[in-house]
Structure formats: C-alpha cells, structure tokens
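*Asks:* The sequence and its predicted three-dimensional model are supplied below.
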Amino acid sequence: MRFTLSIIALLLALACGSSPTLAQSALEHGAAITDPLSLRELDHGQFGLSRLLLPARSADAPLTDSQLFALPSMVPVGRAIDAEFDRYIQAHKAEFPNESIGAGTSFDFQLFDRALLYSPDTRFVLAGIVNRMDRAYVTPANCGEIRLIYRLTRTDAQAGEKTDDKASDDVLSPRLPMTLNLVLNARKDNAAVTCAEIARRWLASGDWPLTGAELAAELTSKDGPLDLIGPENIARIETNLQIVHAPKSGTREFRTDYLLKVFDYNARTQTFEEATLENQIDRDRILGDAKLRRDFKAWLLNPAPFGELDRGTVLIPPEFLATRAIAPTPIGFSSSRLQPAFGLVQGDAGAADPVFTESDVVTALKKATERGIRLQNIASVAGFERRLNDITCSGCHQTRGIGGFHFPGVDWMAAKPSNSTIVPASPHFFGDQIRRRDILAALRDGKTPDYSRGFSSRPQLRGSSELAGTEYDNGWGAPCYLQHAKGSKNDRSFTPWTCAKGLACQVLDQASRMGMCFVGTR
C-alpha cells in the first residue's frame, strides 16, 4: 500500500502542475468555459454569485462570504456545514483519540479553518462553467444542467506571496480548497427554446476563436449559450470542501478528506435546503438496518434498475441515500473502508454479512440478459462492485481526480492566468468530454442521445480515437487490467483496459490485477 500511494502521489503532483496535452486543450470546447480572462469578465458581471443569488441588487460589488452566509437563502447551508464539522470532529476523536485535530499546522489532522468560510476577506470566484446536458435523462423537461463552479478565494491577499525572489510574476494563489457548484436547469420551466437550440449554441461557441471580454460578450449575447440562463434557472447548490489534511507520519500515509453536500433550492421558501446526494449510498445505515438492506437488494437487482446501473444512468431512491459524503483521498487500488460501497458485496475483506452475494450478482446478470438488456460494463461481481462505488458522489471524486476535485477551476486572479500551465480539471473530466459532446450533438440534431457512460476510471470512447495513447485512455498513467495468459480467466468487465503499444500494465493490486500503464515490462 505504501508503494501504491507513493505512485499515486507522484501522478497527482504531475497532474496538478504539468502542462495539458494537445487533446486536453481542446476537448472541452463547446461543452465547458475555461478561458480565464473570459471567466474574469463574467464574474465581474452577470455571473458573479451576487447577481445570481441577489438579482434585485443593483451593484456589481462582489459578495463576501460574511455577506453570503448571512443571506436568508444561505443560512441553512452554513448551519448544515457547521453541523458536519462538529460531527467530523466528534467521529475523529472517537476513532483516533491519540491524534490531535484542529485548524493549523501544529495538529496531526489539520482541519479547514471555518473562520475563512464566513470571513469578510474571502469570497467565491467563478472558476468555470460546465455544460451537463448529458444529464438530461434526469430532468428531460429542463434539458439537463449548466453548472457554474465557484472557488473559495482570499481577497485580502490577491497579490499572493512570491514563490521565488527572482520570479516576480510567480505568486502563490490565494485560492482555498473549496468549491461551490451552482447548478442551473439548462432550460427554464415552460421556456419556448428547445433542447436542440441550447445544444446548438453551446457546440457553436466551441468554434469561436475568441478570448477575454470578446468571448464573454459573445457568450452572453442574444444568440449566445449563456443568454438562456439566469437566477430563475437555479436548481441547487453542491459544495465540496477539503475538511481535513493529514500529512504523512511515522504511522500512516498522508490523507485528505473532502466533505460533499447538496442543497436543493425551494422556490416557495426561497431557501436552499439540505438534500440527499444523488446515488450516494448510505452504506452504514443500510448495513445496520435489516429491512433497508432487504429493500435495497430487491430493488437494485431487478432487471430494469440493474440495467440502468450498468449504463450509469441509475437513480437510486432517496430512502437509500445519505445527506453527506466524506471522500478520503488517495485510496490506492486495493478495496478498503475508504470506498463508499465497501462491505456491501461478497469478497471484501470486511464483508462478513454482505448485502449482495456472488450468487445474487450472477443471478441478476442472467435475468437482465434474459430480459434482453444489453449490458455494457458489468460482466462480473467485480464489475458490479466497481460500478456501485463509482456511481456515488464520493466514489467518483476518488477516481482520477485532482485531490478530491474534478474541477478545481481556472485561477484568473493569478499574475499570469493561463490554462497552459495549470490544469483546470481532472483526467476524469477531460476523458468524459467525448461522450458529453456526442450527447450534445445528438440533442442538436434531434436524435435520441445515448446517455450511457463507462466506468469512471476509463472513458467511453464511442468509436473515437481522439484519446488513444493519452493518460485519459491507454497512455502513460492510465488505469489498466493485467490480462491473464489464458484469456478465459480474464474478468470480462475489464478486458478492454489495456495499454498502448510500448507500455505495460504495472499491477498495483494483485487481487484485482488493476494497475497503471507505464514504460517497461511486467
């Protein structure tokens, strides 16, 4: 495990600090807005958080966090986050009584300083805009979602601190490890515009050779994609906060925990209310409640939801879900309690009384096939367990992320804002762009989209060779499955997970035969 986490730490450092590949630099065009200078213009205008949460406000002045969490609509959000901090600290003291926890580097587990969240010297800055019309299967009438991602940032240290006495333009970012995702319906209720027109506008914007104020002006113009969204589109808020960081010590590897929360917008009360996280299985509650585990098992193993689980479009009923998630990173390649579905499926070391036995899964696979459901991903018990993990919020954020983030975002407050030196999003995000653009094209052309997706670890290529040989598919650092010499022994859920020519799958977990593509021999 120590070797595995060291490899992951190296890859994470490279991902956070290396220049993006040629494929990455254009993959999101037409499906996301990541140009730093344009985002600065949008943040200073109608897409600053104050203009969306306080549309009647005449001034364009930024909304500080002390003002933000004092808003009646946001009071429940602050209250819920505070409760999660208290809950986390209490659980830590019970589990690790000999390891201190608190804000500051003197503690073993360094807690996020809550004072920064409610400070007049911090605010949420627009760091990216992402088209998620690939989620139109959830809300067909609204054509899916548009996500405005804001990064918590200090405003009392905009200049930052010099990283090198000789490099006056290189400064440390004042950004803090938290994002606020304002989720908007892509189409307003009862709006005349069609999903096809919304998709057309987004895809067309990807061909514009513009940046900065010019691009921002076109995006918000009468025919631009952002002209179709505003405060009336707001659906919910999603927060992702690095709640604790534990440096490496003599007894453990380094670890960071991320707190994920969701708050639905109640238009009647005009407040954001704590809600369950989509597909975030409440493992401990299910394992501890005999009726709940029976109900969950019976529901999920039916052919229809089982087929949707395979396709990645399943929507688990709220009675089985949690209202918070802790996503520890890194988790390595071995199955452990750090994963959200650990203990639910037979075969886990700690699964003394699993919800799903091997026989249950095999029977479900057979029934789905007999029903005529063409399974794309789940072909084994291991495939079923991996899908249970990666459909959850925490499981997805543990997979090919930058820390616990998939979109840490653009830092346009830096001295020289650029996407060519700092990667704005994770390998998982960029690897999924081919699928998302394909769905946008289908919507634009009036065709029925294929909303399915592959496992979070490997992108669904849809016949494209755009990612061949890259870290997103089968290139250096890509997740892989070591094939058996005898093909019949291979796990059919993962046989496509091979490496490009010249690379070999270096196994990091012998039990699952999972590893990464590196130069060299096995």
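*Replies:* The structure has been received and is ready for your questions. Since the model is a prediction, treat every value here as computed from it, not as a measurement.
*Asks:* where are the low-confidence patches of the chain?
*Replies:* When the per-residue scores of the chain are filtered using pLDDT under 70, the ranges that remain are 1-25, 58-59, 157-173, 348-351, 416-422, 521-522.
*Asks:* got the residue ranges for the strands in it?
*Replies:* Read by DSSP state E, the chain holds these strands, from start to end of the chain: 32-33, 101-102, 109-111, 122-132, 145-154, 175-185, 234-246, 255-266, 271-275, 325-329, 479-481, 503-509, 514-519.
*Asks:* Near residue 498, how many other residues are there?
*Replies:* Burial of residue 498, expressed as a neighbour count using other C-beta atoms under 10 Å, amounts to 17. Quick note: C-beta positions are derived from backbone N, CA and C, even for glycine.
*Asks:* from memory it sits against residue 482, does it?
*Replies:* No. The pair residue 498 and residue 482 fails to qualify as a contact (C-beta atoms under 8 Å) at a distance of 9.5 Å.
*Asks:* what do the two both touch?
*Replies:* Here residue 498 and residue 482 have residue 505 as joint contacts, going by C-beta atoms under 8 Å, 6 or more residues apart in numbering.
*Asks:* Report the inter-axis angle for the longest helix anywhere in the chain versus strand 234-246.
*Replies:* Criterion DSSP state H: the longest helix present in the chain is helix 75-95. Here helix 75-95 points in a direction 30 degrees away from that of strand 234-246 (axes from the mean of the first three to the mean of the last three C-alpha atoms, to 10 degrees).
*Asks:* Could you tell me how far helix 75-95 lies from the centre of the chain?
*Replies:* Centroid displacement of helix 75-95 relative to its chain, using C-alpha atoms, centre = their mean, to the nearest Å, is 22 Å.
*Asks:* who touches it?
*Replies:* Residues from elsewhere that reach helix 75-95 (C-beta under 8 Å, 6+ apart): 69, 99, 101, 109, 111, 114, 117-118, 237, 239, 241, 243-244, 257, 259, 261, 263, 271-274, 324, 326.
*Asks:* among those, which ones are buried?
*Replies:* If you count burial by 16 or more other C-beta atoms under 10 Å, the buried members of those come out as 69, 101, 109, 111, 117-118, 237, 239, 241, 243-244, 257, 259, 261, 263, 271-272, 274, 324, 326.
*Asks:* Let me see the ranges of the helices in the stretch 401-522 of the chain.
*Replies:* Per DSSP state H, counting those that start in this stretch, the stretch 401-522 of the chain carries helices over the ranges 427-431, 433-444.
*Asks:* Show me what the first one is packed up against.
*Replies:* Going back to what we said before, that points to helix 427-431. In terms of contact count using 3 or more C-beta pairs under 8 Å, 6 or more residues apart in numbering; DSSP states H and E, helix 427-431 is assigned the packing partners helix 22-27.
*Asks:* Phi first, then psi, for the closest residue to residue 35 other than its chain neighbours.
*Replies:* The spatial neighbour of residue 35 that comes closest, neighbours along the chain excluded (C-beta to C-beta, 6 or more residues apart in numbering), is residue 211 at 5.3 Å. Main-chain torsions, residue 211, degrees, to the nearest 10: phi -150, psi 170.
*Asks:* In contact with the residue lying closest to residue 502 once chain neighbours are set aside: list those residues for me.
*Replies:* Spatial nearest neighbour of residue 502, chain neighbours left out: residue 519 (6.8 Å); criterion: C-beta to C-beta, 6+ apart. Contacts for residue 519 were tallied using C-beta under 8 Å, 6+ apart; they are 476, 502-504.
*Asks:* re earlier: could you export the strands of the chain as CSV, including distance to residue 286?
*Replies:* Listed next are the strands of the chain as CSV, based on distance: least, C-beta to C-beta, whole Å:
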stretch, distance to residue 286
strand 32-33, 35
strand 101-102, 28
strand 109-111, 27
strand 122-132, 28
strand 145-154, 28
strand 175-185, 26
strand 234-246, 23
strand 255-266, 18
strand 271-275, 19
strand 325-329, 14
strand 479-481, 28
strand 503-509, 25
strand 514-519, 26
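*Asks:* quick one: the residue lying closest to residue 392 once chain neighbours are set aside from residue 513, how far?
*Replies:* Beyond its immediate neighbours in the sequence, the residue positioned closest to residue 392 (C-beta to C-beta, 6+ apart) is residue 340, lying 4.5 Å away. When distances are taken as C-beta to C-beta, to the nearest Å, residue 340 and residue 513 turn out to be 22 Å apart.
*Asks:* ok, the two, which is more surrounded?
*Replies:* Per other C-beta under 10 Å, whichever of residue 340 and residue 513 has more neighbours is residue 340, with 26 against 21.
*Asks:* Tell me who's in contact with the more buried one.
*Replies:* Listed by C-beta under 8 Å, 6+ apart, the contact partners of residue 340 are 280-281, 283, 325, 388-389, 392, 394-395.
*Asks:* Farthest-apart pair in these, please.
*Replies:* Greatest spatial distance in the contacts of residue 340: 325 and 388, 14.0 Å, computed using C-beta to C-beta.
*Asks:* now residue 282: how far from residue 323?
*Replies:* Counting by C-beta to C-beta, the separation of residue 282 from residue 323 is 9 Å.
*Asks:* which one of those two has more residues nearby?
*Replies:* Relative neighbour count places residue 282 above the other of residue 282 and residue 323, with 24 against 16, counting by other C-beta under 10 Å.
*Asks:* list the buried ones in stretch 86-101?
*Replies:* Counting neighbours by 16+ other C-beta under 10 Å, one finds that the buried residues in stretch 86-101 are 88-89, 92, 101.
*Asks:* okay, that stretch in CSV with CA atoms only?
*Replies:* Provided in CSV are the C-alpha atoms of stretch 86-101 (Å, rounded to 0.1, in the frame of the first residue of the first chain):
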residue,chain,number,x,y,z
ASP,A,86,-18.9,19.1,14.6
ARG,A,87,-19.9,15.6,13.5
TYR,A,88,-16.5,15.0,11.8
ILE,A,89,-14.5,16.2,14.9
GLN,A,90,-16.5,14.0,17.2
ALA,A,91,-16.0,10.9,15.0
HIS,A,92,-12.3,11.7,14.7
LYS,A,93,-11.8,11.9,18.4
ALA,A,94,-13.6,8.5,18.9
GLU,A,95,-11.6,6.8,16.1
PHE,A,96,-8.2,8.5,16.7
PRO,A,97,-8.0,9.6,20.3
ASN,A,98,-4.3,9.9,20.2
GLU,A,99,-4.1,12.1,17.1
SER,A,100,-4.9,15.8,17.5
ILE,A,101,-7.3,17.7,15.2
